[in-house]
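J.: give the three-dimensional model of this entry:
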Amino acid sequence: MLSFLQGTLKECYPEYVVVEIMGIGFQILIPASFYFQLPLPGNTVTIYTYLYVRDDGLYLYGFRSNEERDFFKLLLGVTGIGPRVALAALGHLSPNQISAAIAEEDLSTLTGVPGIGNKTAKRLVYELKEKINTWVKKDGVLPGVEGINPVEWNDVQQALVALGYSTGEVEKVKKALAAEEAEGVEVLFKKALALLAQR
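T.: Numbers count the residues shown, from 1 in each chain. Down below sits the predicted model:
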């Protein structure tokens, strides 16, 4: 099994990247949130991978860390959750946020992910609530950590409202980004726009 790939980032999109290794280009599907963490094309990048085998082909999924990849595999173990939905979940919410939503049975947060309806959200809670506790202890995830700088978020909120987004939409995005580390107004604004574009 491919554990990780390290090579030159040739192409970079919110849905996938292309990494060149010894003259071979690997197309890797990624969570949308990972896109903002990547360097510019031409730089060296390390991506932790998961190879998914289907009747119609092989699909390579990539993540920023071992922990995120393991969480992706945890989501795949839930009945009715395929790689597309699992990837969408990690594109909208961090493992911390998903863990917290499952632990608190917060269905509204889970159903905010495209592809996850009320029944699927309930199944996530039912099948993963006990496993989440084990996973948190193993990988040190701390659900509910607030990382957004309130001053920076105020600037982002004003910009989003000026673009025509409602305060309700902005609040939902703030909740989805609650566990993000402080990275500056520009990065936060780009992440918020990406999430709003997917809603």
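J.: from now on I want contacts and neighbour counts done on CA atoms only, so please keep to that.
T.: Will do.
J.: strands paired with the lengthiest strand in the chain, and their directions?
T.: Secondary structure of the chain per DSSP state E: the longest strand is strand 44-54. Strand 44-54 pairs in its sheet with strand 4-12 (antiparallel), strand 57-63 (antiparallel), by DSSP bridges.
J.: nearest approach to Y35 belongs to which of the ones you listed?
T.: Closest to Y35 of the strands paired with strand 44-54, according to C-alpha to C-alpha: strand 4-12, at 7.3 Å.
J.: could you export the closest one as CSV, CA atoms only?
T.: Taking Å, rounded to 0.1, in the frame of the first residue of the first chain, the C-alpha atoms of strand 4-12 are listed here in CSV:
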residue,chain,number,x,y,z
PHE,A,4,2.8,8.7,1.2
LEU,A,5,4.2,10.4,-1.9
GLN,A,6,6.9,13.0,-2.0
GLY,A,7,7.6,14.8,-5.2
THR,A,8,7.2,18.0,-7.2
LEU,A,9,3.7,19.6,-7.2
LYS,A,10,2.9,20.1,-10.9
GLU,A,11,-0.8,21.0,-10.8
CYS,A,12,-3.0,22.1,-7.9
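J.: that older thread, what about the longest strand of the chain, distance to the chain center?
T.: The chain centre lies 15 Å from the centre of strand 44-54; the measure is C-alpha atoms, centre = their mean, to the nearest Å.
J.: for it, give the mean pLDDT please.
T.: Averaging pLDDT along strand 44-54 gives 93.
J.: same check on stretch 95-113?
T.: Mean predicted lDDT for stretch 95-113 stands at 88.
J.: so how far is it off the chain centroid?
T.: In this view, stretch 95-113 has its centroid 13 Å away from the chain centroid, taken as C-alpha atoms, centre = their mean.
J.: distance between the ends of that stretch?
T.: For stretch 95-113, the first-to-last residue distance is 13 Å (C-alpha to C-alpha, to the nearest Å).
J.: what comes up buried for the helix-or-strand element of the chain with minimal mean pLDDT?
T.: When the helices and strands of the chain are scored by mean pLDDT, DSSP states H and E, helix 150-162 comes last with a mean of 73. Residues of helix 150-162 classed as buried: 152-153, 156-157, 160 (neighbour count, 16 or more other C-alpha atoms under 10 Å).
J.: for stretch 116-131, same thing?
T.: 116, 120-125, 128-129.
J.: could you do stretch 71-79 as well?
T.: Here stretch 71-79 shows 71-72, 75-76, 78 as buried, counting by 16+ other C-alpha under 10 Å.
J.: same check, this time on stretch 37-44
T.: Here stretch 37-44 shows L38 as buried, counting by 16+ other C-alpha under 10 Å.
J.: so what touches it?
T.: Residues from elsewhere that reach stretch 37-44 (C-alpha atoms under 8 Å, 6 or more residues apart in numbering): 6-12, 45.
J.: cool, stretch 13-21 as well?
T.: 6-12, 25-35, 45.
J.: same thing with stretch 99-109?
T.: Residues outside stretch 99-109 that contact it (C-alpha under 8 Å, 6+ apart) are 110, 118, 121-122, 124-125, 128-129, 132, 143-144, 176.
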